[in-house]
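Trainee: sequence and predicted structure below; questions after.
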Amino acid sequence: MKMKWGLIGFLFTGLVNGQAWSAEQTFSVGSKAAPLTQEGGTSRAMSMGSAFVGVAEGSEALLWNPAGLAYLSEKEIGFHHTSGIGDSIREIGIFGTPVRSLGGFAASLDAVSNGSFEGRDQLGNQTGNYHAGDLGANLGWGKNIVPGFAVGAAVKTNHQYLAGSTYSAYAADLGLLWNPFSTFKFGATYANLNIANSYSQYALDSAWHIGASYRLIHPLLVAMAGELQPGGVNRIQLGGEYTYNALIAIRGGYQFNYPNADLSGTTGFTLGAGFHLLKHIDLDYAFVPEGDLGAAQRISVIYKFGCAEPSKLIMKIKP
């Protein structure tokens, strides 16, 4: 019976996202603002094709579906690094904690440096170098309101700086997560609800994200998600994770329409792995090709507090 409902959930997710896919495959390049509000940037989720809205676990749920914070069982802090696309470097720090009957809370800081660029005037004369980047912060909460059903919300800010100019945006995410039984979850998030922004001619990249995850067998998790965005970028996201002996995870995924249909080269496929190094430390890695732009390398380190057993280094994997 549980397998039946899990398959029904996946078919429903595929039907909803498939209708959006067939109805809209356009790209509104340059019409959306504030890239820090568009993509999570954590290694486990990105290696699974970003099909994470229906998985939403740990402190990183803050960036994908804040309702997942309801299931935080202990304090954790995560550091997430991204590099490999030109001179761009992204660093994210996330702290999450359960607060008794109030649910789970998390906060993050996010910084992007896009490097230095050569400036030119209207005649083409060199005017000196300039810098570009982003700074952002998120604060979120999630709580179970009835058994198996959680809701969440997050507020966030993004500040872009470019050649001495700064542009700011303030937005919110609203999420829900339905977990009727242990092997199946269904999630939905409305991301980037505009609160205020200084991008006078642009709109924030607001969209519905709908997804589901299902554990076919104990070590194998599969996930599907989609981005429903009228007039913008619509994506279908597929991902999977196979865990061996609770110590090593192999992950992979594919995103249709990522990051842009106009890019040539390898795009869409994602790969990654996770390692449970210590009782309270996880290391995750993701490889995300982005066509002509190169390939993003993502590394995450997550430290968990309050583990029941003393930590010890795992030297080998038992068969």
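Mentor: On my side now, so go ahead.
Trainee: and stretch 210-223, average pLDDT?
Mentor: With pLDDT averaged residue by residue, stretch 210-223 scores 94.
Trainee: actually, stretch 85-98.
Mentor: 91.
Trainee: contacts for that stretch, please.
Mentor: 41-42, 58-63, 69, 72-83, 104-116, 290, 293-296 (CB atoms under 8 Å, 6 or more residues apart in numbering). Using the backbone N, CA and C atoms, a C-beta is placed for each residue, glycine as well.
Trainee: now the strands for the stretch 51-200 of the chain?
Mentor: 76-83, 89-98, 104-120, 126-146, 149-162, 165-181, 184-197 (DSSP state E, counting those that start in this stretch).
Trainee: beta partners for D282?
Mentor: H276, I302 (DSSP bridges).
Trainee: any idea how far R215 is from it?
Mentor: 19 Å (CB to CB, to the nearest Å).
Trainee: quick one: low-confidence parts of this protein?
Mentor: Residue ranges of the chain with pLDDT under 70: 1-39, 116-128, 130, 199-203, 230-234, 257-266, 306-319.
Trainee: re the thing from before, out of the strands of the stretch 51-200 of the chain, which is closest to A249?
Mentor: Proximity to A249 (CB to CB) singles out strand 76-83 among the strands of the stretch 51-200 of the chain, at 15.6 Å.
Trainee: could you turn the buried ones of the contacts of stretch 85-98 into a PyMOL selection?
Mentor: Per 16 or more other CB atoms under 10 Å, the buried members of those correspond to this PyMOL selection:
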select buried, resi 41+42+58+59+60+61+62+63+69+72+76+77+78+80+82+83+104+105+106+107+108+110+112+113+114+290+293+296
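Trainee: mind putting the strands of the stretch 51-200 of the chain into a markdown table with distance to F305?
Mentor: Formatted as a markdown table, those follow (distance: least, CB to CB, whole Å):
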| stretch | distance to F305 |
| --- | --- |
| strand 76-83 | 7 |
| strand 89-98 | 8 |
| strand 104-120 | 14 |
| strand 126-146 | 18 |
| strand 149-162 | 21 |
| strand 165-181 | 23 |
| strand 184-197 | 25 |
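Trainee: figure out which of those strands is closest to A207.
Mentor: It is, among those and with distance given as CB to CB, strand 184-197, at 5.7 Å.
Trainee: what's that closest one packed up against?
Mentor: Under the contact criterion of 3 or more CB pairs under 8 Å, 6 or more residues apart in numbering; DSSP states H and E, strand 184-197 touches helix 2-23, strand 165-181, strand 203-204, strand 207-217.
Trainee: how far off centre is the second one?
Mentor: Remark: strand 165-181 is offset 11 Å from the chain centroid, using CA atoms, centre = their mean, to the nearest Å.
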